[in-house]
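Enquirer: sequence and predicted structure below; questions after.
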Amino acid sequence: MNAPTLAELTAKGESPEIVFWVGCAGSFDDRAKRVTKAFVKILNAVGTNFAVLGTEESCTGDPARRAGNEFLFQMQAMSNIQVLNGYNVKKIVTACPHCFNTIKNEYPELGGNYEVIHHSTFLQQLINDGKIKLAEGGSFKGKKITYHDSCYLGRANNIYEAPREVLQALDADLVEMKRCRTTGLCCGAGGAQMFKEPEKGNKDINVERAEEALSTGAGTIAVACPFCMTMMTDGVKSKEKEAEVKVKDLAELIAETMK
Amino acid sequence: MAVLQQILFVITLAIAVYFIRKRVLRIRGNIQLGKRNEVKGDSGARLQNMLLIAFGQKKMFKKLIPAIFHFFIYIGFLVINLEVLEFVIDGVVGTHRVFAPYLGGFYNVLMNVFEFLAIAVLLACIIFLIRRNVIKVARFQSVEMKGWPKLDGNLILVIESILMIAILTMNASDQILQIRDDHYVATGSLFFSSFLIPLFSNLETSTLIIIERFAWWFHIVGILGFTVYVTYSKHLHIFMAFPNTYFAKLEVKGHINNMPIVTNEVKSMLGLTTEAPATPAEPGRFGAKDINDLSRTNLMAAYSCTECGRCTAECPANLTGKKLSPRKIMMDTRDRMEEVGKSLIAGGQGLNDGKTLLNDYITKEEINACTSCNACVEACPIMINPLEIILELRRYVAMEESGSPAQWNNMFQNIETSFAPWKFSPSDRFNWSKE
């Protein structure tokens, strides 16, 4: 696996086409790290000229802003923008819809202007351009997969089709949950809920969503967000279905099926 | 007799205009309690939103059945109100069906269209009453719908039904009178009200005139009274939907409004600017504790909400039994505005009455449960954004009170010290590449 840092490339006098923003979950969470590595595997396989920030990366501030701490958000945002602008970064890809949304929509007002794309769109483009070659009759051919819309891709940024097109490339049988696309049900992690216990209620949101996903009969629940990954995985576990039903990120599904 | 009716009508009209004007000014004043907010983005796109979403009802059609019946009432409201113009002229001048001679055969077509719409509105109102009270559609049964909101919803449907019955009664008796009395201008046959003619045809002319006049007065006084009522009711959406869709934000839903005051401070803290932080134009709190901390757009949205509950029905927190209901956020904002406005008019303490929107109306438990998933924003047929209000309240709690949930305070601390929401060493951030 080859993941050069911007610092290394800059030292060599090179600059990458695109920066892969890994995100905190992708850097520290064990499950999300597997997604990060799968994505790097794809980038390496197609020969993308990319770099990561490595230890120079820092939280985008998304959870702080959404929990109401605007000071902390802007401190994070400004220092990230200083780093990114310092390297003259133009284009960013990330596997986290929260990082994607924040950098794309909220950094411009603070002086950070980049072309930001989510890895679902990036993968879709690679597939459309014929750069990713998937094995004929891959392991997902004809298998039922359901896709869980991440709120920060879907409603927040109107990205509904790219992840589905990626899944269709697997030749899988894409089955939709009743609540999908604009009416997709949140996994329960957004708005900084990832970092605290839910308020008192009669059910956990992720369990409600996992039940809906399981009712499709799909053997794979595809996600495109590290928080959705955690929530859906826990939801499936709470229904004791983790042996039969796997929760996987788009990047993992592609990496597994690539020639 | 005729002159007396004219005088009475002008007085009635004046009284109605007086009350409507008073309420409109009060509502405007209440909205102006909020912070003036910059309206960014191109007005073409805003106009398009207004035309498609308010005028064209685009978002209503995500739920087809209620959309169709709602469309009947909406078109009925738009078109039948043309007839109100004739009513007003007739009432003031003392004419009867003043437009009929000018429009000739087209008048008959127009009246038949009005009657068709009256029947469609009546049908829609009955179906909506059944949905609310017999089928008990879930979104009308939430806790915040107990009491006045429930009565308000039913009253509107009942009043509208009665107004439609009045039109039909008036036209039925009018058609008989057209044969018996020259004053009654020929309209040609009116399809729907003709079915009611047998009910009235044996009556004396004088009785019929009384019925016709009663129905006429009932209808116009009803409409004027209803207009006054609407300004106190959730039904105000019939007017407010238009400005609300115009002023709704144009950015993608994921975007959260920036706080320039914070930007100035952060820039000076980081040494990114040599200028001293400008004194904020509007000194005030960070975030919102009460209605005056919210933007005027937010407050206008609260007056636009018709409590349909599509937001709450889609809210993941509400669906799983949490106290948060986006509809309640809007209702509470409006109720607090009304309370403050009423107090100010009465020379009371207004905003300084010891109560605030946060805590007295909306609790922290409610705002903390929001996942910022935008399901409510997506669901609203007229682009109301409860999430903006929730976020402003959270900002107040986090920045003015440091009163966020303990786990969030830990998360803040982790970001401050380890630059990640979890407590990991920043130097381990790139370890994944070696694992």
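Expert: In hand now; what should we look at?

Enquirer: what about the spatially closest residue to A:Lys246 that is not a sequence neighbour, how many residues nearby?
Expert: Taking Cβ to Cβ, 6 or more residues apart in numbering or on different chains, and ignoring the residues beside it in sequence, A:Lys246 has A:Thr220 as its nearest neighbour in space, at 5.3 Å. Just so you know, the C-beta spots here come from the backbone N, C-alpha and C atoms, and that holds for glycine as well. Counted with other Cβ atoms under 10 Å in any protein chain shown, residues neighbouring A:Thr220 total 22.

Enquirer: so what pairs up with A:Thr220 in the strands?
Expert: According to DSSP bridges, the partner residues bridging A:Thr220 are A:Ile145, A:Lys246.

Enquirer: verify the stated contact: A:Glu165 with A:Ile132.
Expert: No - distance between A:Glu165 and A:Ile132: 12.0 Å, which falls outside the contact criterion (Cβ atoms under 8 Å).

Enquirer: next, show the common contact partners of these two.
Expert: Shared contacts of A:Glu165 and A:Ile132 (Cβ atoms under 8 Å, 6 or more residues apart in numbering or on different chains): none.

Enquirer: between those two, which one's more packed in?
Expert: A:Ile132 (21 against 16).

Enquirer: now the more buried one: how far from A:Met258?
Expert: In this view, A:Ile132 and A:Met258 are 6 Å apart by Cβ to Cβ, to the nearest Å.

Enquirer: between the two, what contacts are shared?
Expert: Contact criterion Cβ under 8 Å, 6+ apart; residues shared by A:Ile132 and A:Met258: A:42, A:45.

Enquirer: ok, A:Asp173 - contacts?
Expert: For A:Asp173, the residues meeting the contact criterion (Cβ under 8 Å, 6+ apart) are A:142-145.

Enquirer: buried stuff in stretch B:48-59?
Expert: Within stretch B:48-59, the residues that qualify as buried are B:49-50, B:53-54, B:57, B:59, counting by 16 or more other Cβ atoms under 10 Å in any protein chain shown.

Enquirer: which residues sit against it?
Expert: Counting by Cβ under 8 Å, 6+ apart, residues outside stretch B:48-59 touching it are B:67, B:70-71, B:74, B:241-242, B:244-246, B:248, B:250, B:380-383.

Enquirer: ok, now stretch B:38-46?
Expert: Identification of contacts with stretch B:38-46 by Cβ under 8 Å, 6+ apart yields B:246-251, B:297.

Enquirer: now with 10 Å?
Expert: Counting by Cβ atoms under 10 Å, 6 or more residues apart in numbering or on different chains, the neighbours of stretch B:38-46 from elsewhere in the structure are B:48, B:245-251, B:257, B:260, B:295-297.

Enquirer: centre of the chain versus that stretch, how much separation?
Expert: Its chain's C-alpha centre lies 21 Å from the corresponding centre of stretch B:38-46 when counted by Cα atoms, centre = their mean, to the nearest Å.

Enquirer: show the end-to-end separation of it, please.
Expert: Across stretch B:38-46, the straight-line distance between its terminal residues is 14 Å, by Cα to Cα, to the nearest Å.

Enquirer: list the contacts of the nearest residue to B:Ala398 once chain neighbours are set aside.
Expert: Nearest non-adjacent residue to B:Ala398, counting by Cβ to Cβ, 6+ apart: A:Gly68, 3.3 Å away. With contact taken as Cβ under 10 Å, 6+ apart, A:Gly68 is in contact with A:192, B:286-287, B:367-368, B:390-401, B:403-404, B:408, B:412.
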